[in-house]
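Novice: fold the stuff below for me.
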Amino acid sequence: MTGQIRPYEPLTAENAALILVDHQVGLLTGVRDYSTGELKHNVVALAKAAKALKLPIVVTTTARDSMWGPTFPELVGALPDVDIIDRTTVNAFDDERVASAILGTGRKKLIFAGISLEVCAAFPAMTAVTKGLDAYVAVDASGTFSETKHQVGLLRMLQAGVILSDYATLMVEILKDNARPEAGAVYGAIDMPWAALVGQIAKAYDK
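Specialist: Next comes the predicted model:
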């Protein structure tokens with residue numbers, strides 16, 4: 001770790017965008033740090049919460065037709081209106097169309113998730129940092145093929161100035177206020193539907 005201390009600047013619905021990289025069927029089968037079911041759940045929850053918060057969302061695959069297969073269906077179903085950009089480059093930011101889509105969001109804070117963590121999420125996140133942007137990685141919406149890859153991926157990103165978090169914390173940070181109309185959809189997406197239920201019970205008691 002670099003030991004650098006950066007002032008806290010919150011993620012908001014106005015300054016953040018979500019970048020999903022290579023959540024593909026072929027890559028998913030090799031993931032070993034999370035179960036397939038847990039990883040799918042986390043990625044879909046992240047996508048649904050980001051959509052509820054109206055964040056710009058960029059989705060990309062690599063070698064979809066020749067090597068790693070399509071985006072897994074549950075994620076496609078969660079984002080039916082998002083065009084998926086297929087590319088050949090290892091680093092998603094090296095593809096002009098992906099870079100244009102990311103930079104075209106106009107957002108300073110970019111949230112990345114990808115398979116694999118240490119390549120598909122880390123490389124574009126570290127590239128974003130070199131471009132003067134703030135890069136976040138949702139670690140539990142990413143996955144990789146061994147514990148070694150998981151650990152060294154985290155270390156390398158920290159050394160490069162990438163901010164690491166879990167997907168739910170990032171989304172709740174953006175929500176900011178539980179009185180927002182999006183709160184129910186966000187908590188439902190991240191599997192906290194009881195949050196909305198408790199609120200409804202509290203209102204009932206107030207009457």
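Novice: go ahead and confirm residue 168 touches residue 189.
Specialist: No: the pair residue 168 and residue 189 does not pass the contact test of CB atoms under 8 Å, sitting 9.1 Å apart. Every C-beta, even on glycine, is put in place using the N, C-alpha and C of the backbone.
Novice: which parts of the chain are strands?
Specialist: Under the criterion DSSP state E, strands of the chain are mapped to 16-21, 57-62, 84-87, 109-114, 134-138, 163-165.
Novice: partners of the last one in the sheet?
Specialist: Strands that pair with strand 163-165, judged by DSSP bridges, come out as strand 134-138 (parallel).
Novice: partners of the residue nearest to residue 102 when sequence neighbours are not counted in the sheet?
Specialist: Spatial nearest neighbour of residue 102, chain neighbours left out: residue 58 (5.5 Å); criterion: CB to CB, 6 or more residues apart in numbering. Applying DSSP bridges to residue 58 yields these beta-bridge partners: residue 19.
Novice: roughly how far does residue 58 sit from residue 44?
Specialist: With distances taken as CB to CB, to the nearest Å, residue 58 is found 16 Å from residue 44.
Novice: in terms of neighbours, single out the busier of those two.
Specialist: A direct count of neighbours by other CB atoms under 10 Å for residue 58 and residue 44 places residue 58 higher, at 26 against 20.
Novice: could the strands of the chain be laid out in JSON lines, adding mean pLDDT and distance to residue 101?
Specialist: As requested, those are arranged in JSON lines below (pLDDT from 0 to 100; distance: least, CB to CB, whole Å):
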{"stretch": "strand 16-21", "mean pLDDT": "98", "distance to residue 101": "9"}
{"stretch": "strand 57-62", "mean pLDDT": "98", "distance to residue 101": "5"}
{"stretch": "strand 84-87", "mean pLDDT": "98", "distance to residue 101": "7"}
{"stretch": "strand 109-114", "mean pLDDT": "98", "distance to residue 101": "11"}
{"stretch": "strand 134-138", "mean pLDDT": "98", "distance to residue 101": "16"}
{"stretch": "strand 163-165", "mean pLDDT": "98", "distance to residue 101": "21"}
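Novice: what comes up buried for the helix ranked longest in the chain?
Specialist: Looking across the chain with DSSP state H, the single longest helix is helix 36-52. By neighbour count with 16 or more other CB atoms under 10 Å, helix 36-52 contains the buried residues 39-52.
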